[in-house]
Every structure is written in structure tokens, then in C-alpha cells.
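S.K.: Task: produce atomic coordinates for the following.
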Amino acid sequence: MAKPRGIFGIGVCTLDVISVVETFPGDEGVEMAREAVTMGGGPVATALAAAASLGARTTMLDRFGDDWRSRLILGELQELGVDTSAAPTQPGAAASLATVLVRADDGARAIRFVRSTAAPLCSEDIDSDQLLSHRIVHCNGRHPEASLAAAEICKTSCGATSLAFDGGAGRYREDLLPLMREADLPIVAHQFATAATGEVDVGAAAGRLAELCPRASLIGITDGARGSWVFPRDGKAFH
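M.R.: Below is the predicted model:
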């Protein structure tokens, strides 16, 4: 059997309309944006697009619609080298659409979005052979049934395929904890870590996350412009 390589992503792909603005609206009004661009988004899809652009083998699993938004997202992922051939399509469904305002002076974001109308992925949508041909399975809690099924499949690999969990800032929910506990590589935002553990101090939060995630070989905590902390279970922490 070939050695696993690359990243298999499970998440929701969005179409983002990103505008760079001077101010965030507090009321009605009109303001000219500095610039605007339309591109694919979603935490898992963005990670895979970045990895593919660096030469990694990547596969994205989401349930798409047959609308124009889905076609744009799929086209961009494929142009970047992300394999979407395993992603099912639901006739009549529409992909998620997000409006992202980026404040010019500090890069702060304000996001408003509509969800995809496609049904969530389920465990039957996971091809175990395809999944185990990858070195890492990357997820963030979307499509929870499929993600938990993927976690169980990873366990059968005897460490050949690892589960990476992305916990974003402002995205903490208690129902994400069962998936995070199964992660070999839980990497979460500082705000997520604090919400999950009750600890504000990064080191204390990492220690508590290590207890919550017994399979984790390392804990990662990201904090925007302040950088990231990595806490290997059997090594020295670094920033």
C-alpha cells in the first residue's frame, strides 16, 4: 500500500465578496470601497488552497449545489489544484455566500453570510480508502457526522493518517468538543482555547487542552498578529 500523503479536507466552502472599506457601517449610508474581489472561502477550503499552491496534494469534501456560486467555487479550487472529484452535488441547492468587509487601517473584518442550502455530509459520504490515502484529515466541525466518522477511520490507520482540528476565533461551541477530543493536531485560536478551557493564559490553556485531547501529539494556539504558540507533547514549546 502506498504511503499516505497530502491533506483531505472536510468543511463548508463559501463564495466570499470581500470589500476593503474605511469604516464599518453603524447605520444606513453609502461609502465607496477602496477595492473589492470575489473569491472562494471557508476555513478548511482556504487551508487546502494554500497547501495546494505550495505543491501539496489536497482533496476537498463538501456537498455543493448546482448554482452559479457552487460552479465558481469548484472552478477556483480546481484551478488551484485542489481535487474536488469526490464532492457530491445536490440538485437545486445553493452554496454559501459571505459578504466580508475589511477595515483598511487595521485589517479588522465584519462578516455576514447565508448558509449553503445543501444537506450536510454524512458518514456514508466518506470513502475510507480515499481518506486513508492522505497523511492528514483537516476539519473544523462543519459536517459533524462525516467529521466524526473520519476521526474513527483515522484511528484505524495506526498513526499513518492524523486528524487536524481547526478551532477558529468566535467559533467555539460545546458540540465541537467531541471532535476536538479525537484530534491528533488540535490548532485553535486563543479565544477558542479560552472558551473551551476557561483559561486566559496561553500556557494554562494549552495544558488544559492537552488533558481534553488525549490523542494530541501537539497543541497549537493562534493569536492573530501576536503570532502562534506550539506545545508538542514530547518536546519544547515555541512561539
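
S.K.: going forward, measure contacts between C-alpha atoms and count neighbours the same way
M.R.: Fine.

S.K.: OK, contacts around residue 162?
M.R.: Counting by C-alpha atoms under 8 Å, 6 or more residues apart in numbering, residue 162 touches 135, 136, 137, 154, 183, 184, 185.

S.K.: Worst mean pLDDT across the helices and strands of this structure, which element?
M.R.: Within the chain, no helix or strand scores below strand 109-114, which has a mean of 92 by mean pLDDT, DSSP states H and E.

S.K.: mind listing what that strand pairs with, with the direction of each?
M.R.: Taking DSSP bridges as the criterion, strand 109-114 pairs within the sheet with strand 96-103 (antiparallel).

S.K.: list the buried ones in the partner strand?
M.R.: Across strand 96-103, burial judged by 16 or more other C-alpha atoms under 10 Å covers 96, 97, 98, 99, 100, 101, 102, 103.

S.K.: again, but for stretch 12-32
M.R.: For stretch 12-32, the neighbour count (16+ other C-alpha under 10 Å) marks 12, 13, 14, 15, 16, 17, 18, 19, 20, 21, 22 as buried.

S.K.: Can you tell me the element residue 116 falls in?
M.R.: Residue 116 belongs to no helix or strand when assigned by DSSP states H and E.

S.K.: Give me the below-cutoff pLDDT ranges for this protein.
M.R.: Counting by pLDDT under 70, the ranges of the chain that qualify are 1.

S.K.: got the residue ranges for the strands in it?
M.R.: Using DSSP state E, the strands found in the chain span residues 7-10, 14-21, 35-41, 58-61, 96-103, 109-114, 136-139, 162-167, 185-189, 218-222, 228-232.

S.K.: Could you export those strands to JSON lines, including columns for distance to residue 130?
M.R.: Shown next, in JSON lines, are these (distance: least, C-alpha to C-alpha, whole Å):
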{"stretch": "strand 7-10", "distance to residue 130": "9"}
{"stretch": "strand 14-21", "distance to residue 130": "24"}
{"stretch": "strand 35-41", "distance to residue 130": "24"}
{"stretch": "strand 58-61", "distance to residue 130": "9"}
{"stretch": "strand 96-103", "distance to residue 130": "26"}
{"stretch": "strand 109-114", "distance to residue 130": "31"}
{"stretch": "strand 136-139", "distance to residue 130": "11"}
{"stretch": "strand 162-167", "distance to residue 130": "14"}
{"stretch": "strand 185-189", "distance to residue 130": "20"}
{"stretch": "strand 218-222", "distance to residue 130": "25"}
{"stretch": "strand 228-232", "distance to residue 130": "28"}
